[in-house]
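1. Quick check, what structure comes out for this input:
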Amino acid sequence: MAGVKHDSGADVDDATLMAQLATGDAAALGELYVRYNVMVKSLYCRLLPSLPRDQAEDLCHDVFITLHASAARYIERGRLKSWLCGIAAAKARNHRRLGWFRRTIGLEAAIEAGAARAASDASQMPRSEARLELERALGALHYNHREVLLLSVVEGLTATEIATVLGVATKTVWTRLHRARQTMRRALEDRGRPWAAGSAR
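-> All right, here's what the predicted structure looks like:
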């Protein structure tokens, strides 16, 4: 099968690209990376706020390597985005488990140095006080609550899609979303900031 042409890749839908990727077409993987790498990296930055930029890049690349390896199992339902979010969320959880292991065996200094570099990089970007407060409130959420809130509000996934992505019951998603919104509302209202987030569908 012919590869995706770079000058016309934007006209090829996700289903076609995934079918081509399943045959080993590297150009299809390149086009999917162009379309979705920013979304994946953005999700990692929110799920793992202290993650150094180079590690976020590595995790993002790993998502697309996994996408390539699993392309033959992909069933087209018009929501490749939710498939990618599922891969990214699973890898984020694995990264957190690895972080716990590293701390356990005494590598805290290396982790803290990476976090300091990330904070230094972030400080170069102008951010409003309101955005900083939102990020602080988001970072204070329990990881499971932050995960479902980001997948719902930022990535636009429905409660059913989030349940599929995370491998939990839809009722669990609704419970975590409710608690996340309550916590965010209290945290921001305590600082005199309103909180208004869309509901999962």
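2. And the residue nearest the centre of the chain, which helix or strand is it part of?
-> Compute the mean C-alpha point of the chain, and by CA atoms, centre = their mean the closest residue is residue 43, 2.7 Å away. Taking DSSP states H and E as the criterion, residue 43 maps to helix 26-47.
3. Pull the distance from that helix to the chain's centre.
-> The gap between where helix 26-47 is centred and where its chain is centred comes out at 10 Å by CA atoms, centre = their mean, to the nearest Å.
4. And residue 151, how far from residue 22?
-> Here the criterion is CB to CB, to the nearest Å. By it, residue 151 lies 26 Å from residue 22. All C-beta atoms are positioned from the backbone trio N, CA, C, and that covers glycine.
5. Look at those two and report which has more neighbours.
-> Applying other CB atoms under 10 Å to residue 151 and residue 22 shows that residue 151 carries more neighbours, namely 28 against 16.
6. from memory that one sits against residue 160, does it?
-> No. Here residue 151 does not reach residue 160: they are 11.6 Å apart, not a contact under CB atoms under 8 Å.
7. The closest residue to residue 41 other than its chain neighbours and residue 151: what is the separation?
-> Distances taken as CB to CB, 6 or more residues apart in numbering place residue 60 nearest to residue 41, at 4.8 Å, with adjacent residues excluded. For residue 60, the distance to residue 151 equals 17 Å [CB to CB].
8. for residue 140, same thing?
-> Using CB to CB, we find residue 140 at a distance of 18 Å from residue 151.
9. go on, residue 34?
-> As it turns out, when the distance is counted by CB to CB, residue 34 lies 22 Å from residue 151.
10. now swap in residue 40 and tell me
-> Taking CB to CB as the criterion, residue 40 is separated from residue 151 by 12 Å.
11. just residue 42 next, same as before
-> When distances are taken as CB to CB, residue 42 and residue 151 turn out to be 12 Å apart.
12. before we move on, the earlier item: what confidence value was assigned to the residue nearest to residue 41?
-> Reading off the confidence values, residue 60 has pLDDT 89.
13. In contact with it, which residues are there?
-> Under the criterion of CB atoms under 8 Å, 6 or more residues apart in numbering, the contact list for residue 60 reads 37, 40, 41, 44, 88.
14. Give the buried residues for stretch 20-27.
-> Under the neighbour-count criterion of 16 or more other CB atoms under 10 Å, stretch 20-27 has 20, 21, 22, 25, 27 buried.
15. Among these, which pair sits farthest apart?
-> Set against one another by CB to CB, the buried residues of stretch 20-27 have their most distant pair in 22 and 27, with a gap of 13.3 Å.
16. Do I have it right that residue 62 meets residue 90?
-> No. With contacts defined as CB under 8 Å, residue 62 does not count as touching residue 90, sitting 10.6 Å away.
17. Strands along this structure, start to end?
-> Using DSSP state E, no strands are assigned anywhere in the chain.
18. mind giving me the domain ranges of it?
-> By the assignment in automatic domain parsing, the chain contains the domains 7-125, 128-201.
19. Could you list the low-confidence segments of the chain?
-> Scanning the chain with the threshold set as pLDDT under 70 gives 1-10, 97-134, 190-201.
20. All the helices of it, residue numbers only.
-> Counting by DSSP state H, the chain has helices at residues 14-22, 26-47, 53-70, 80-104, 108-123, 129-139, 143-149, 159-166, 170-190.
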